[in-house]
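here you go, sequence then predicted model.
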Amino acid sequence: FDEKGLRWARRVTEALDKKLYITLNTIVFEHEFKLLEEALDFYEVLQPDALIIQDLGVAALIRQRKSKTPLHLSTQGAWFGQGGYLELNDLNISRVILPRELSRAEISQLRETFPELELEVFVHGAMCYSISGRCFWSIALGSRSGNRGTCAQPCRREYQPNGKPELATCCFSPKDLRLIEQVGQLQNLGV
């Protein structure tokens, strides 16, 4: 969305009493900080319900700017709860979108350990061959990076072992995530 499209989306979400989240879930390079600053200026005026970020440097910049916009850590932040909670809290991150790889027991443990932290999980979609999109395979094959939001999904293609087409298989692709029937259980966990 460009700025005009985001203004329209904000009007629609407000009219329908819905939320507007903007994703900044990519690693930001040094030469992109001027564009990031301009985008953050615009978001302060737009007032989305939250910014979803991956790069903790972006979160630090937003905190430094004294923004009141809530921050959510993207699944690409790959936070499994083994450390860094104090840093997330210091950066005003109120919600963590958990990595898709976590089991129900691990999610439950996170809920018990961090009761004040909002937790969100994906219930549908592609499982990444890597850990929640932190993959370098796509960029190694060309100019598209999952860490920059443009994964070419090479793990979901068929490959022929030893050049034998009759043995072609999607040997790297995990099954798609389908938890729609478990939404009630996830809600009971406090997600």
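Noted; the coordinates are in hand.

could you use CA atoms for every contact and neighbour count after this?
Fine.

for the closest residue to residue 48 other than its chain neighbours, give me phi and psi.
In space, and not counting its chain neighbours, residue 48 is closest to residue 20: 5.3 Å by C-alpha to C-alpha, 6 or more residues apart in numbering. Dihedral angles of residue 20 (phi, psi; degrees, to the nearest 10) stand at phi -120, psi 120.

and residue 20, what pLDDT?
For residue 20, the pLDDT comes out at 98.

now for it: which residues touch it?
9, 10, 13, 48, 49, 50 (C-alpha atoms under 8 Å, 6 or more residues apart in numbering).

can you give me the helices in this protein?
Along the chain, the segments classed as helices by DSSP state H run 3-15, 33-46, 56-64, 85-90, 104-113, 137-141, 183-188.

quick one on the thing from earlier: restricted to buried residues, select the contacts of residue 20 in PyMOL.
Buried subset of the contacts of residue 20, written as a PyMOL selection, criterion 16 or more other C-alpha atoms under 10 Å:
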select buried, resi 9+10+48+49+50
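
of the contacts of residue 20, which is the nearest to residue 175?
In terms of C-alpha to C-alpha, no member of the contacts of residue 20 lies closer to residue 175 than residue 50, at 30.2 Å.

what sits against that closest one?
With C-alpha under 8 Å, 6+ apart, residue 50 has these contacts: 20, 21, 22, 69, 70, 71, 72.

change it to 10 Å
Counting by C-alpha atoms under 10 Å, 6 or more residues apart in numbering, residue 50 touches 19-23, 43, 68-72, 93-95.

and the residue nearest the centre of the chain, how far from residue 102?
Centroid-nearest residue in the chain: residue 74, 2.9 Å away (criterion: C-alpha atoms, centre = their mean). Per C-alpha to C-alpha, to the nearest Å, residue 74 is found 14 Å from residue 102.

and if you look at residue 19?
Taking C-alpha to C-alpha, one finds residue 19 at 26 Å from residue 102.

equivalent analysis for residue 76, please.
On the measure of C-alpha to C-alpha, residue 76 and residue 102 end up 13 Å apart.

could you do residue 116 as well?
19 Å.

give the contact list for residue 116.
94, 95.

alright, I will stop here.
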